[in-house]
Structure formats: C-alpha cells, structure tokens
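Chemist: any chance you can model this:
(one chain, ligands or ions: 1)
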Amino acid sequence: MRSSFEHTPKALGLVFRSSPVGTLGIGALTVMNAVLPLAIAYVGKRIVDAVVARDAQVTWHWVLTELGFVAALAGSTQALSLVRRIVGARLGLDINVAILEKATTLELRHFEDPEFYDRLTKARREASSRPLSVITRAFQMLQSVISLFGYAALLLRFSGWAVAALLLAAIPATVAEMRFSTQAFRLRNWRSPESRKLMYLEYVLSNDEHAKEVKLFGLGSHLLTRYRDIGELFYREDTDLSKRAAKWAYLLSMLATLTFYGCYASMALSAVRGTLTLGDLTLGMVAFRQGQQAFQSLLGAFGGMVEDNLYMSNLFAYLAPLSPVNVSAPMPVPALPVAERGIHFDNVGFRYPGREEWALRHVNVVIPARQSLALVGQNGAGKTTFIKLLTRLYQPTEGRILLDGKDLREWDESDLRRRIGVVFQDFAQYQFTARENVGLGSIDDLEDVDQVGRAVHKGGAEAVVASLKQGLETPLGRWFADGVELSGGQWQKIALARAFMREGADILVLDEPTAALDAEAEHAVFERFRELTRDKTSILISHRFPTVRMADRILVIEHGQVVEEGTHEALLVRNGRYAHLFSLQAQGYL
Ligand SMILES: Nc1ncnc2c1ncn2[C@@H]1O[C@H](COP(=O)(O)OP(=O)(O)OP(=O)(O)O)[C@@H](O)[C@H]1O
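Modeler: Below is the predicted model of the structure:
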C-alpha cells in the first residue's frame, strides 16, 4: 500500500512548484464544492418543512437561499475546472521541459539502449497529465471526506444502520476499479516495446525521408499490414479489459443501488407511520444518495491515486539520477612515455553495451599534436568507434585514452568539446536556417555572422549559400514553409562548415562526411581540409585512397585491431593489407 502512494508527495510538490497560486485555488474551490451541496440539501429539507407548514414567507426565504447556494455552486464548479485547466497547461509544459532537459544530459549509450528508450517513451506518454491528476484526486478525496462526514452527520439523526449500509455497499465496486486500473497499467507497460514499433511504423509511413523508398519498393501495404496487426492486437486487449471492467462495474453498482432502495423503503415507511416528517424524508434521501456518491467518489479517487502512482513511477524512474557508466575506473597502468601534447590510446578495448564482441581491442596508438592521421578499414572494422571513444561519446571498456597526458575521463566536458570539431557520416540536417545550421557548431557564436561566414568559406559551402535566395537566412529542409531542400553533397558542405565553427578547436575529425561528394569534390575538400589543419591534429576516415594518402600517417583497422600503420609509401612497400586494398581500388574493385 505504501508503494502505491509513494510518488504522491513528489507529485504534489511538482504541481505546487509549477503553480503555487493555482494549487491553493484548487484547494479552496474544492472545499466550497464540498460544503455547498450539504447546505443545499439542508435547505431543501427546510423548504419541504415550510411547505408542509403552509408558511409562504419562510418557503420564499429558503427557496431564495437555495437559489443563492446553487448559483454559488455553479460558479465554483466552473472556476474549479478553469483553474484546473490552467494549472494543467502550465504543468504539462513544465514536465515536458523537465523530460527534454533530462534528455540533453543523457549519454549516447542511453539513446542506443532500447530499455532506456522505452522508459523515455513511457515517461513522455502520460507524464504531463498524471501529476495534475494526482492533485485533482487528492482534493477530490478531501471534498468527498467533507461531504461524507456532512451527509453521515445528517443521516445519523435517523439511523446508524443507514450510515453503515452506505459505507459498506461502496467498497466492492472500488476494489474492483482498483484492480482493473492496475491491470490496465500492467498491460500498457508490458506492451511498450510493441507501442514503439507502432510509433515507428507510423513514422516510416508518414515522413518525407522514407517516402521515396516506400513508394518505389511498394512497401506501403506491407508496412500498413504490420501496423494494423499490432493495432488490432492492442484494440482487442483494450476492449477485452474494458468489457470486463464494465461488467463488474455494473454488477457492483447494482449492489449500491439495492442498498439505497432498501434504506429508501425503510425511511418512506417511517414517514407513512408518521415517525419521520416529509422534510426529514427528503433530507434523508438526498443525504443517502449524495453520501453514497461521495463515498464512491472517495474510493474512486483512492483507486485513481493508485493508478496515477503506477504511471508516475515511470516518470520518476526516468527523471531519477542515472547510474554511473559501467566501466572500469582509470586503470593504474604504469606511466608510459606519452607525447607532451597529443592523443594516446593506451591498450584500449571497447564493447558496445549488451554486445559480446569487442568493437575495438588492444589499441595502442600515439597521435602527436599536429599530425594528420587517416583511418582505413572495411565496413564494421571499428573506425567510427575509434572516433566515438576519442570524442568521449563512449568510454573505453578497458584501457584509457589520454589527451595531452590527461585521461579523457578527467577532462572537463566543455573544455574537451571546445577542443574537438567532428563531422560524422550521419551528421544532422537541422530544419533551421543555413546560418543556424552552420552556427550550431559553436552555439555561443550562433549570431556572429562573420564567424559563420568564415566557417562557410572553410567548409567550402560558399557556392551553396550563394545559391540560396535569402543567403544565410534561408530555412533549410522541407519541414517548414519556404524551406529549401539541399542535395546530399550540399548538406555535407554545410556540415563541414559547422565543424569549422570551432575556431579554437585543435583536433578536427572527419568521419567520412564526404561520401555523397564525387571523388574529385572529396579530394578538393580534403586538400582544403589539410591546408586548414596544418597546425592542428586531424583525423579522417575515408574509403578513397587518393584522399587517404594525403595523411601523414595511416592506421589500418581490421576486426577492431590496428593491423598496420605508417605512411602511404611505407605501407605500399610493406605489401600487406593496405597495399592489397589499395591495389583493389586501383583496379576499380573498391
Ligand atoms: N551503437 C552500436 N551498438 C552496438 N554495436 C555497434 C554500434 N555501432 C557499431 N557497432 C558495431 O561495432 C562494430 C564497429 O562499428 P564501426 O561503426 O566502428 O565500424 P566502421 O569501421 O566505422 O564501419 P563503416 O566503414 O561501415 O562506417 C561493428 O561490428 C558494428 O556492428
């Protein structure tokens, strides 16, 4: 039971911090909504008594009083729903911001971890509405308790049995409701991976990125069938549960109705016998029925709280501090003669989370400052992984990486980011303006048009920008009005320019961002890149040898290990793996 409510105080805190005045407003209006119906019931009795006594003046007086109360109740009910909407809107925004804020602090491994992704989806799904629901229900419970005590006090004047019957008859229905809401929660949580599949299929079927392939390969009906199959399964499960819940709700509400009519009959007979006035009978009936509703609503709110707490456990699990990365602490490796400035991979090994195989193993590489290095290897050899480790997107599973003699793990995140400029092969295409697409490379200089201009020049994107109607201020991509879609190669030049925004960076990494360029254009880009990075450390990955041979030094990676290294010429003389790959390409096989 305790665990059913453990998130309630946190949720209340969340709502209160989001809208303190609104929360107090909900509290005050809820109390009014509880007290006014009691007053109306009592006034009703006085009206009937005055009518029976044939006293017109008193009747008028009470009728007008009741009118006043009813008007006040209508006002407070409206105000309550208005305040709730306002508080809900504020809270929805605040929680979504908190969820996204958390997302910005996540590591790459979290986004690639399906379990964590599930948690994020679950948190986003209902999180913004549940905390408000908790507070609404808490106040609803308060309102019901006040009403219940009021009606019970009114009823006690006639019969203690009536009060007991009132309370007992509502319990089974509530227990059933609680059970069904727990089952609904379990069902939705359990099928959350399937829900993500559903969302993904929806995405593939409805976005421009996939539209070409979906049409040309005729995937529409196949994907739609998959979508429909999962959707139909969900539909069946949901309707089954709803039907069962409705059946039990009906049966158990009949129990409450029977109790009500039992009491009604007994009080009516007392009135016939003259032991109860007509006013008392009216009051008794109103008190019984409303009391029964208040009690049911109390228990309903209680069940609802249990349900909200279950859903909120998803939100709080997501927002909870993350477990530290499961890797060895900096290893007490004997100090090696490292270059004063430069990068040192010291016996580095890495396994992706949840994978058995090593993506990289026993990598020992020293890259002195200002050297240009090329990584060569077949698909899946581990080249990108090498870059991900160097940029600390992942941390080595074993060994360590030193930058200027200091373990990467000990570097301050922002210092490290400032020093490294990277373009990955799957770089992002932001649906923003050209200036923003470039400027995002150094967020503090987003507005600095001169710096953006310099980066555009270095990235070789001048012609691209010149072809845009509104120049740098042209929105790119097709998502928003007036957006201009670029070709793959043009996007790559924009992404290159983005990397050059970091003017302070002394390590530049290009992970095959030029695949969409023709061989000549790629060569030109790398020549320029080499020129611009003469006094910097540069690392490039390319499958094209004319580009690769420009580097001072080449590493050949195979199955996660460095198998050869040296200059282009030295590697050719060696006549090993590199020479083999080179001759294949020279003959036009690669
Ligand atoms: N996010 C990931 N999660 C699990 N395994 C991964 C992940 N990314 C890569 N791998 C695996 O790690 C190995 C090395 O991949 P990596 O991307 O480093 O290769 P690469 O040499 O850059 O290949 P390519 O030339 O195709 O870009 C591959 O076996 C790949 O399947």
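Chemist: who in the stretch 301-450 of the chain is up against the ligand?
Modeler: For the stretch 301-450 of the chain, the residues in contact with the ligand (Cβ under 6 Å from any ligand atom) are 352, 355, 359, 377, 379-385. In short, each C-beta sits where N, CA and C put it, glycine included.
Chemist: mind putting the residues you listed into JSON lines with pLDDT?
Modeler: Putting these into JSON lines (pLDDT from 0 to 100) gives the following:
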{"residue": "352", "pLDDT": "90"}
{"residue": "355", "pLDDT": "87"}
{"residue": "359", "pLDDT": "94"}
{"residue": "377", "pLDDT": "90"}
{"residue": "379", "pLDDT": "88"}
{"residue": "380", "pLDDT": "90"}
{"residue": "381", "pLDDT": "92"}
{"residue": "382", "pLDDT": "93"}
{"residue": "383", "pLDDT": "93"}
{"residue": "384", "pLDDT": "92"}
{"residue": "385", "pLDDT": "94"}
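Chemist: filter these down to the buried ones.
Modeler: Among these, those buried by neighbour count (16 or more other Cβ atoms under 10 Å) are 352, 359, 377, 381-385.
Chemist: returning to that earlier point: turn the residues of the stretch 301-450 of the chain next to the ligand into a markdown table, including secondary structure.
Modeler: As requested, these are arranged in a markdown table below (DSSP: H, G, I helix; E, B strand; the rest coil):
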| residue | secondary structure |
| --- | --- |
| 352 | coil |
| 355 | coil |
| 359 | coil |
| 377 | coil |
| 379 | coil |
| 380 | coil |
| 381 | coil |
| 382 | coil |
| 383 | helix |
| 384 | helix |
| 385 | helix |
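Chemist: can you tell me how far the residue lying closest to residue 354 once chain neighbours are set aside sits from residue 536?
Modeler: Spatial nearest neighbour of residue 354, chain neighbours left out: residue 113 (7.4 Å); criterion: Cβ to Cβ, 6 or more residues apart in numbering. Residue 113 sits at a distance of 34 Å from residue 536 (criterion: Cβ to Cβ, to the nearest Å).
Chemist: repeat that for residue 288.
Modeler: For residue 288, the distance to residue 536 (Cβ to Cβ) stands at 84 Å.
Chemist: do the same with residue 27
Modeler: 62 Å.
Chemist: what's the answer for residue 555, then?
Modeler: When residue 555 is compared with residue 536 (using Cβ to Cβ), they lie 18 Å apart.
Chemist: for residue 376, same thing?
Modeler: 21 Å.
Chemist: compare the two (neighbour count), which wins?
Modeler: residue 376 (26 against 17; other Cβ atoms under 10 Å).
Chemist: now do that one, the pLDDT please.
Modeler: For residue 376, the model assigns a pLDDT of 92.
Chemist: now for the helix or strand that contains residue 298, which elements pack on it?
Modeler: Counting by DSSP states H and E, the element that carries residue 298 is helix 278-319. Secondary-structure packing of helix 278-319 (3 or more Cβ pairs under 8 Å, 6 or more residues apart in numbering; DSSP states H and E): helix 2-5, helix 8-18, helix 20-52, helix 56-105, helix 114-126, helix 130-156, helix 160-190, helix 220-273.
Chemist: mean neighbour count added to those helices, as TSV?
Modeler: Supplementary listing: the helices and strands packed on helix 278-319 in TSV, determined by neighbours: other Cβ atoms under 10 Å:
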stretch	mean neighbour count
helix 2-5	12
helix 8-18	17
helix 20-52	18
helix 56-105	15
helix 114-126	17
helix 130-156	21
helix 160-190	17
helix 220-273	14
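Chemist: any chance of the ones you listed in CSV, plus mean pLDDT?
Modeler: As requested, those are arranged in CSV below (pLDDT from 0 to 100):
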stretch, mean pLDDT
helix 2-5, 58
helix 8-18, 84
helix 20-52, 91
helix 56-105, 91
helix 114-126, 76
helix 130-156, 83
helix 160-190, 79
helix 220-273, 88
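Chemist: and those helices: which comes nearest the ligand?
Modeler: Nearest of those to the ligand, taken as Cβ to the nearest ligand atom: helix 114-126 at 10.7 Å.
Chemist: return the distance of the closest one from the chain's centre.
Modeler: The chain centre lies 6 Å from the centre of helix 114-126; the measure is Cα atoms, centre = their mean, to the nearest Å.
Chemist: who's in contact with it?
Modeler: Here helix 114-126 makes contact (Cβ atoms under 8 Å, 6 or more residues apart in numbering) with 96, 99, 103, 106, 110-111, 189, 192-193, 195-196, 199, 311, 314-315, 317-319.
Chemist: list only buried entries from those residues.
Modeler: 99, 110, 192, 195-196, 311, 314-315, 318-319.
Chemist: from these, which is closest to the ligand?
Modeler: For the buried ones among the contacts of helix 114-126, the nearest to the ligand is residue 110 (11.5 Å; Cβ to the nearest ligand atom).
Chemist: ok, the closest one touching residue 322?
Modeler: Yes - counting by Cβ atoms under 8 Å, residue 110 touches residue 322, with 7.5 Å between them.
Chemist: for residue 415, grab the count of nearby residues.
Modeler: 9.
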